[in-house]
Structures are given as structure tokens and as C-alpha cells.
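Asker: Have a look; sequence and predicted model below, questions after that.
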Amino acid sequence: MKEIGRYFIFLGNLLVNRESFKTHYKLVIDECVLIGLDSIFLFILVSSFMGAVSTVQTAFNLVAPYIPKYVISQVVREMTVLELAPTVMAIIFAGKVGSSMAGNLGTMRITEQIDALEVMGINSINYLVLPKVIASLIMYPMLVVVAGVCALVGGYIVGNITGILSPDEYIYGIRYMFNPFTVTFALIKSFVFAFLVSSISSYKGYYTRGGALEVGISSTKAVTTSVIAILLADYLLAQLLLSPA
């Protein structure tokens, strides 16, 4: 409970003694490049293969002759939009971006750069952490959209090459009984996961104590804690937004 209380106090300090808009704007743009552009290739690669593998495995399990082939792409669509794009990619996001945030802030802490900011009267949490949180909230939903599109395209290509189902069947299954709220749900999850990963990772890095070894430990704790928070939030959001009335 002490750790949770400390985390919420940390979040409260994000908006206290704020820097100017111009200062934050430059910092947010830099963080967007680090978070978004530097991660996009990994997201495209992983999501494309996830879509391809999901298509092959779904076709392998749907062996009954009375099940139409377009159901394969329908299942892949639901898996991609509801879980693969927002949730699985959030775990990858925590491993790549979250560990980087924790390591960066941890290094600044042990080299006394954060202490220097505090001595100058700057709210180091607002100056260092808030741009990371805002940039994550901007870029991660975009990465989720890219991952979803790439996963569906990966399934389309593999289905066409292997002959599992024709392009027309795949497209028909993608469109069949499509519920637009699933996209809204995925975007809601992406915003929540982006906030959790960025804030938890920054918190773990900011309060690093010790030396270089402790920076690595903080990065590891940031990833594991973020993954646990993602899974808990995923269940709670599904229960709140998708459970029948």
C-alpha cells in the first residue's frame, strides 16, 4: 500500500509547478520520435507475423466441412482488434519503451542530474516525466492502429499464398458482422495501457537508488510491474465495457 500511495503522489506531482507550453512542446516532440518512430518497425514486424500465424492456426483448427472459410478471417479480425493489437503489443511496448524510460530516468538519478534540476527550482517530475506520458498517449494508439492493419494484411498475404482462403473470402470475413465498437474498445485500451506503461516505468526509474546495477533492476521491475498492470487493466476494461448487461 505504501508503494501504491507513493505512486499516486508521484502522479499528482506531474501537474504541479508546470513548465511553459513551449518547453513541454519541444520535449513531447522529442519523446514522440523516441517512442513512436523508433518503435514502428518492431510493431510492423511483430504484428504482421502475428496476423499470419493467427490465420494459419485458425485454419488448422476449423476443420469441419460445414464451417465456411470466411470465418477464418472473421476470427483473425476479432483476435487482432480485441487482443493482439492493443494488449499483446502493449507488453512489447513495455519491454522496449518502458524499460528505456526507466533506464533513462534511473541513470539521471544516480548521476545526480535530477537533483540538479531540483536545486534549480524545477519540478523534475513535471519536466522529465510528463512529456513521456503525453508522448505515449499520442503515439501508442497510433502504433496500435498500425499493428492492427499490419496483422490483417499479414493474414491476407499468408491466406492468399498458402491457399487457405481466397482474397474475396478473406475480405468478406473481415467485413462480416463487423461491430465498430470493438475498434473503440481497442483504442480505449491503448490509451489506458500507454498511461500505465509510461507512468509506472517513469516511477520505477525516477526513484532508483544506488548505482548502475540498481538501474538494471529498476528497468526489470518497470517491465514486470507494467505487464501486470496491463493484464489487470485488460480484464477490468473487458468486464466493464464488454460484459453483457
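Answerer: Cool, the structure landed.
Asker: And the lengthiest helix in the chain, what's buried?
Answerer: Counting residues, the longest helix in the chain under DSSP state H turns out to be helix 130-162. For helix 130-162, a neighbour-count test (16 or more other C-beta atoms under 10 Å) marks 130-141, 143-152, 154-159 as buried. Where you see a C-beta, it was placed from the backbone N, CA and C, and this is true even at glycine.
Asker: same check, this time on stretch 14-33
Answerer: Leu14, His24, Leu27, Val28, Glu31, Cys32.
Asker: So which residues make contact with that stretch?
Answerer: By C-beta atoms under 8 Å, 6 or more residues apart in numbering, the surrounding residues in contact with stretch 14-33 are 122-123, 125-127, 129-136, 138-139.
Asker: please redo it, this time with the cut-off set to 6 Å
Answerer: Outside stretch 14-33, the residues that touch it by C-beta atoms under 6 Å, 6 or more residues apart in numbering are Asn123, Ile125, Asn126, Tyr127, Leu130, Pro131, Lys132, Ile134, Ala135, Met139.
Asker: Would you mind measuring the gap between the ends of that stretch?
Answerer: 21 Å (C-alpha to C-alpha, to the nearest Å).
Asker: what separates that stretch from the chain centre, distance-wise?
Answerer: How far stretch 14-33 lies from its chain's middle: 21 Å, per C-alpha atoms, centre = their mean, to the nearest Å.
Asker: again with stretch 224-242
Answerer: On C-alpha atoms, centre = their mean, the centre of stretch 224-242 falls 12 Å from the chain's centre.
Asker: out of the contacts of stretch 14-33, what pair is the most spread apart?
Answerer: Asn123 and Met139 (23.6 Å; C-beta to C-beta).
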